[in-house]
Structures are given as C-alpha cells and as structure tokens.
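Engineer: the following block contains a protein sequence and its predicted model.
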Amino acid sequence: MFRHDPPSPDWFTADDSVLSVALVFPMQGSAGIFGPTCELCAQLAAEEVNRAGGVLGRELRLLPVDGGGAPREVADHVKALVDLGVVQGVTGWHISSVRQALAPRIAHRVPYVYTALYEGGEHTAGVFLTSETPRDQLRPAMGLLAHERGVRRWFVVGNDYVWPRRTARAAHAYARDSGGSVQGEVYLPLGTHDFDAVLRRIERSDADAVIMLLVGSDAVRFNRAFAAAGLDARCLRLSTLMDENMLMASGPTATVDLYSTAGFFASLANQDTLDFHGQYAGRFGVEAPALGSLGESCYEGVLLLAALIGRARTLDMSAIGAAAETVSYEGPRGLLHLRGSHVRQRIYLARADGVDFDVVAQLDLHESRP
C-alpha cells in the first residue's frame with residue numbers, strides 16, 4: 001500500500017547551495033520490477049551533473065518518491081513537497097495515470113520532466129518529455145513487421161488505463177496503413193495473474209501478432225502464459241514497454257518471437273551505449289540491476305531537467321518555457337533536442353534472443369509532432 005510519508009526533516013532546511021528534485025519512480029506494483037534501475041540511472045546522472053558544477057552553481061540532489069501507488073496519492077505527495085518548497089523540480093518514470101494526476105498540480109510551478117514512453121498528446125505547459133510515443137515507436141514497427149513478417153491480423157492485450165487504450169486506438173489506424181486490422185483487444189487490471197481467457201480469445205482470433213501494452217510484471221506473467229499455451233509458435237509479440245529486466249524475468253523459453261521497440265537498448269553497439277555501460281558498471285558494479293530503456297530514461301530525465309534550468313539560468317517557469325526550444329543535451333541516446341516539449345530521438349526495433357535483445361532495425365522518424 002502506498003505510504004504518504006512526510007519528507008525527512010533534513011529536506012526542510014533552507015540551503016541555497018542545493019537544488020532538490022523529486023524522483024518519482026515505482027517502488028511497488030507491476031512496474032516495481034524496473035524501479036531499482038530507474039533510481040540508479042537517475043543517481044548516476046545527478047552525480048555527473050554535480051561533477052560538472054551542478055545546476056545554477058548548486059548541488060543537484062534527488063529525493064526518491066514512490067510513483068507506484070494510486071495516482072491521486074502520488075500527486076498529493078509530490079504537490080506537498082512543492083508546496084513546502086522541499087523540491088524545485090520533478091522527474092521520473094511513472095505510468096500515465098500518475099502523470100495526468102500530477103501535471104495540472106505542479107507543472108506551472110516547477111519544471112516536470114516525464115521520462116516514460118506514453119500515448120502522446122501531452123502539451124501541458126511546464127511538462128517536458130524524454131519519452132517515445134506511438135507515432136514514432138509503434139507505427140513504424142507495425143509497418144516493418146507487416147512488410148517483413150507478413151503480419152495482417154493484430155490483437156491488443158493491455159492494462160486498463162489511458163496509455164494502453166489510447167495506444168490501441170492509434171494501432172487500429174497503423175494496422176490499416178499496412179493492409180491489416182486489429183482483430184480484438186482486451187484490457188486487464190494492473191496486477192493480473194490469470195491470462196487463460198485472454199489466451200483463448202487470441203487463439204480464436206487467428207491473429208498473426210499480439211501488441212503487448214502490459215506493464216512490468218504483468219507482461220512477464222503474460223509472456224510465460226503465452227509460451228506455455230504454445231501461442232509463440234504461431235503468433236509473434238510486439239511490445240513498446242519491454243526492457244532487459246522484464247526479459248530476464250520472463251525467461252528464455254518465454255521470449256520466442258518477441259519484439260520490442262524503444263529509443264535505447266543496452267545491446268546497442270554504439271559508443272554512447274558502451275560508454276554508459278562502463279559508467280554504470282564502474283559506479284554500481286557488475287551485479288547491479290540490468291540496464292534497460294525504462295531505467296535509462298530516468299538518466300535522460302535528470303540530464304534534461306538540468307539542461308532546461310541551466311539554459312534559462314533561473315527557476316522561473318516562464319523563462320524555462322521560453323528557452324525550452326533551444327535546449328539540447330547529450331547522453332546514452334546521443335545528442336538530443338527538444339521540439340514541442342518532446343525530445344526527438346532515434347527509435348529501434350529489437351528481437352528477443354533468449355534473455356537479451358538483438359537490435360534488428362532503426363525505425364524511420366516522422367516529422368509531425370506527437
């Protein structure tokens with residue numbers, strides 16, 4: 001159960017040498033499986049920022065907040081931190097329901113950098129997004145799989161909240177673009193364990209592919225059930241939320257013909273990724289939680305937040321917003337720029353190879369806004 005704990009007394013101490021940021025990431029629930037990586041990647045970025053002089057000459061300090069609770073409770077907690085002046089910014093990975101509860105309450109007061117892939121369409125002033133959207137992530141992946149694998153009949157399985165539902169709505173149009181259709185869709189509560197009825201519906205639909213819009217451990221359990229039912233022999237899977245931690249938890253026998261699309265994979269053989277591996281392992285050791293796109297996004301979030309404030313040279317939200325379109329930063333995903341409050345980035349398609357990913361293509365970016 002989510003605990004609305006008050007901040008530590010240390011955080012009430014006025015200290016002009018520190019700039020405090022709420023790092024909102026899941027410590028529980030379905031998404032808790034990659035929470036530890038989120039925290040470590042954000043910590044790595046904060047240490048990097050501080051070695052370079054901090055933000056506005058101040059030490060950047062992260063205050064972890066559990067983003068895995070009920071959206072209203074998470075929003076209440078973070079708003080209280082802002083009200084008290086405990087934090088001067090917010091970033092992190094959390095589901096869209098949390099973002100929707102939180103953004104209207106804090107985004108006009110402090111910069112809010114959201115790092116989770118999401119359904120698109122977020123344009124609240126003061127919200128900045130490092131994340132992938134269906135237009136640049138799912139659409140080209142579906143088109144490529146339709147062309148290369150002959151997929152025509154899709155089936156959507158998602159958790160029951162805004163991101164899966166809106167992404168599925170877009171998937172209908174993307175399927176038609178490539179001469180196919182969505183044969184069915186099912187939405188399940190977060191924390192679902194029993195997938196028998198869903199698997200029977202997929203089998204009856206005669207689908208070629210399943211679009212997985214499941215979070216964390218829900219996706220892990222679905223992968224295992226899907227393979228146990230033998231559906232992996234006749235039906236590929238495509239997920240826009242599947243990182244290395246989820247892949248390892250699924251196990252090598254449950255990942256046959258499983259594809260993922262994201263802006264970062266730990267197996268990318270480029271210098272930015274190799275450098276990041278070295279930094280992460282050097283700081284936290286080889287036994288640290290596996291790197292993946294979801295945790296790495298929190299590294300991006302800290303870098304973007306520091307770049308936004310540094311570019312504006314103030315914490316004033318009007319000045320930050322005015323300077324945002326000129327902001328860029330460099331990290332594991334390369335040199336990135338903001339456009340329309342969204343980071344523009346390369347997107348990749350990878351296929352599972354046991355419990356690792358083999359990146360098979362860089363997907364074409366579309367120039368229109370999310």
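Structural biologist: On my side now, so go ahead. Keep in mind that this is a model prediction, so the values were computed, not measured. Residues are numbered from 1 along each chain as shown.
Engineer: tell me the helices and strands packed up against the strand or helix carrying residue 182.
Structural biologist: Using DSSP states H and E, residue 182 sits within strand 181-188. If you count contacts as 3 or more Cβ pairs under 8 Å, 6 or more residues apart in numbering; DSSP states H and E, strand 181-188 packs onto strand 153-159, helix 162-177, helix 196-205. The C-beta positions use only the backbone N, C-alpha and C, and glycine is treated the same way.
Engineer: what about the closest residue to residue 313 other than its chain neighbours, how many residues nearby?
Structural biologist: Using Cβ to Cβ, 6 or more residues apart in numbering and skipping residues adjacent in sequence, the residue nearest residue 313 is residue 56, 6.9 Å away. By other Cβ atoms under 10 Å, 16 other residues sit near residue 56.
Engineer: quick check: residue 56 touching residue 311?
Structural biologist: No - between residue 56 and residue 311 there is no contact under Cβ atoms under 8 Å: 10.9 Å.
Engineer: what sits against the nearest residue to residue 195 once chain neighbours are set aside?
Structural biologist: The shortest distance from residue 195 to any non-neighbouring residue, by Cβ to Cβ, 6+ apart, is to residue 225 (4.3 Å). Shown in contact with residue 225 (Cβ atoms under 8 Å, 6 or more residues apart in numbering): 195-196, 199.
Engineer: tell me which of those is nearest to residue 277?
Structural biologist: Nearest to residue 277 out of the contacts of residue 225 is residue 195 (Cβ to Cβ; 34.1 Å).
Engineer: any idea which residue is closest to the centre of the protein?
Structural biologist: Centroid-nearest residue in the chain: residue 116, 2.7 Å away (criterion: Cα atoms, centre = their mean).
Engineer: related to what we said a few turns ago, distance of the residue nearest to residue 195 from residue 292?
Structural biologist: Note on residue 225: its distance to residue 292, by Cβ to Cβ, to the nearest Å, is 22 Å.
Engineer: before we move on, what about residue 188?
Structural biologist: To residue 292, residue 188 is 23 Å away according to Cβ to Cβ.
Engineer: for residue 360, same thing?
Structural biologist: 17 Å.
Engineer: more neighbours, these two?
Structural biologist: Neighbour tally, residue 360 and residue 292, criterion other Cβ under 10 Å: the higher count belongs to residue 292, 25 against 12.
Engineer: without its sequence neighbours, what residue ends up closest to that one?
Structural biologist: residue 243 (2.9 Å).
Engineer: if I pick that neighbour, what's in contact with it?
Structural biologist: Residue 243 makes contacts with 34, 37, 260, 262, 290, 292-295, as judged by Cβ under 8 Å, 6+ apart.
Engineer: count of residues packed around residue 172?
Structural biologist: 15.
Engineer: so how far is residue 121 from it?
Structural biologist: 16 Å.
Engineer: cool, residue 263 as well?
Structural biologist: Relative to residue 121, and taking Cβ to Cβ, residue 263 is found at 18 Å.
Engineer: pull the CA atoms of stretch 263-277 into CSV?
Structural biologist: The C-alpha coordinates for stretch 263-277 follow below in CSV (Å, rounded to 0.1, in the frame of the first residue of the first chain):
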residue,chain,number,x,y,z
GLY,A,263,14.9,4.6,-28.0
PHE,A,264,17.5,2.7,-26.1
PHE,A,265,18.6,-0.9,-25.8
ALA,A,266,21.5,-2.0,-23.7
SER,A,267,22.8,-4.2,-26.5
LEU,A,268,23.2,-1.3,-29.0
ALA,A,269,26.8,-1.4,-30.2
ASN,A,270,27.5,2.3,-30.4
GLN,A,271,29.9,4.5,-28.4
ASP,A,272,27.2,6.3,-26.4
THR,A,273,25.8,3.0,-25.2
LEU,A,274,29.2,1.4,-24.5
ASP,A,275,30.3,4.5,-22.5
PHE,A,276,27.1,4.3,-20.5
HIS,A,277,27.6,0.7,-19.7
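Engineer: mind listing what's buried in it?
Structural biologist: 263-266, 268, 273, 276 (16 or more other Cβ atoms under 10 Å).
Engineer: swap in stretch 125-143?
Structural biologist: 126-143.
Engineer: is it correct that residue 81 falls within a helix?
Structural biologist: Yes - assessed by DSSP: H, G, I helix; E, B strand; the rest coil, residue 81 belongs to a helix.
Engineer: cheers, nothing more for now.
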